[in-house]
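K.L.:
Predicted model, plus sequence, below.
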Amino acid sequence: MCGTAGMFVGCAALTQCPKQLLLHRVAAADAPEPPSAPGDYRSPFRNWHERAAVRQSPRRTLGEDESGRHYFPPDLVPVTQHPLVKELPAAVHEELLVQHLYRYLDFTARLESLVVNRTVLSIAQGTVGVELPDEMRFDAYKIYCDEAYHTLFSIDLARQVEQRTRIAPRLPRQPFFLDRLHRLLDELPPADGALAEILFVVVSETLISASLAEIPDTSEVVAAVSGTVRDHAGDEGRHHAYFAMFLRQMWGQLSPAERRAAARLVPRLITTFLHPDLPAIREELIRYGLGEDDAHRVVAETYTPEILSQHLAAMSRQTVRYFESLGAFDDARAREELHVHGIRK
């Protein structure tokens, strides 16, 4: 997966957006129906050697003259649309977008290298605790290469942007989702913790991000950024298909008790990945010159409970459907968790 899904919230029309609905249809078409039998595996990586970004995409470098282009689309950074933020100087607006790009790239690099590839390597080496077809384990090595390359090109692009703009990144010690994931894992018994970590990768790899598809279509963005995201999106379609099938394979091998525990964890894992870091957003706005009260107002009016709930429901719709198809939410407590976390009314 990438950092986009957990970083863009704020469009009040998200659940009605034609592009968002189209993305869900495309995702469903790209992801083969999960196999009905454990040994039934149709690889989404048949053309990997010809189509993977690490195999065929050029290094994305900043152009010499990209004046007038943004380093990130303003309409995908919701606070920039608030009247109080619009009153800030133009230079502040550009720095805000550059910092958002840094956070996106850092989010992506940390997710891929510290979380996803840890599980993917276990899948490839057969130590994840799930019996899989040999071809499926072999494909995990391809995902491992993809995710390592996504980490590399994210860090590469961030270094180029810093050299070009002379704006130093201001990043948290670690992305918000990692803090929340570590807290969750610390609360669970060891056996449930191992299951939660695998489930988090399944959830993050099957979440759909409208922003990932929108960035390449935005002519206002510097070409290296849009090209990097376009490369990433092509790989992630295959990963989504793979983990939809992996989930079916894993679910059939869990005990009834493990399935109940897994189903009750899924809503919390979705919000762990998708919920924005609102305190950090407020602090950043104060750093740009807004008063504390104004910063609180911008965040409260941009990220209303209704918008957050719409975002969670829309972005997680396909992932929830995969679990529903397995009967995960037949459990009353699991259904209640969907409501508690605002994923379903």
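P.N.:
That came through fine.

K.L.:
Next secondary structure element downstream of the helix or strand of the chain with the lowest mean pLDDT?
P.N.:
The helix or strand of the chain with the poorest confidence is helix 18-30; it has a mean of 38 (mean pLDDT, DSSP states H and E). Once helix 18-30 ends, the next helix or strand along the chain (criterion: DSSP states H and E) is helix 48-51.

K.L.:
Please pull up the helix or strand immediately following that next one.
P.N.:
helix 53-56.

K.L.:
Buried ones in that following helix, by neighbour count?
P.N.:
Within helix 53-56, the residues that count as buried by 16 or more other CB atoms under 10 Å are 53-54. No exception for glycine: its C-beta is placed from N, CA and C like everyone else's.

K.L.:
packing partners for it?
P.N.:
helix 48-51, helix 134-165, helix 223-251 (3 or more CB pairs under 8 Å, 6 or more residues apart in numbering; DSSP states H and E).

K.L.:
Identify, out of these, the most deeply packed stretch.
P.N.:
Per residue and on average, the most neighbours among the helices and strands packed on helix 53-56 fall to helix 223-251, with a mean of 22 (mean count of other CB atoms under 10 Å).

K.L.:
next helix or strand past that helix?
P.N.:
Per DSSP H and E, helix 223-251 leads on to helix 256-274 as the next helix or strand towards the C-terminus.

K.L.:
Pull out the buried residues from that next one.
P.N.:
259-274.

K.L.:
Let me know the closest of those to residue 221.
P.N.:
residue 274 (22.8 Å; CB to CB).

K.L.:
Tell me how far that closest one lies from residue 132.
P.N.:
Using CB to CB, to the nearest Å, we find residue 274 at a distance of 28 Å from residue 132.

K.L.:
on contacts alone, who are the packing partners of the strand or helix carrying residue 314?
P.N.:
Secondary-structure element containing residue 314, defined by DSSP H and E: helix 305-325. Counting contacts by 3+ CB pairs under 8 Å, 6+ apart, helix 305-325 packs against helix 18-30, helix 190-206, helix 223-251, helix 256-274.

K.L.:
picking that back up, tabulate the helices and strands packed on helix 53-56 (JSON lines), appending mean pLDDT and distance to residue 333.
P.N.:
JSON lines is the format used below for these (pLDDT from 0 to 100; distance: least, CB to CB, whole Å):
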{"stretch": "helix 48-51", "mean pLDDT": "96", "distance to residue 333": "40"}
{"stretch": "helix 134-165", "mean pLDDT": "97", "distance to residue 333": "31"}
{"stretch": "helix 223-251", "mean pLDDT": "94", "distance to residue 333": "17"}
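
K.L.:
Can you convert the ones you listed into CSV and add a column each for distance to residue 89?
P.N.:
Below are these laid out as CSV (distance: least, CB to CB, whole Å):
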stretch, distance to residue 89
helix 48-51, 44
helix 134-165, 16
helix 223-251, 23
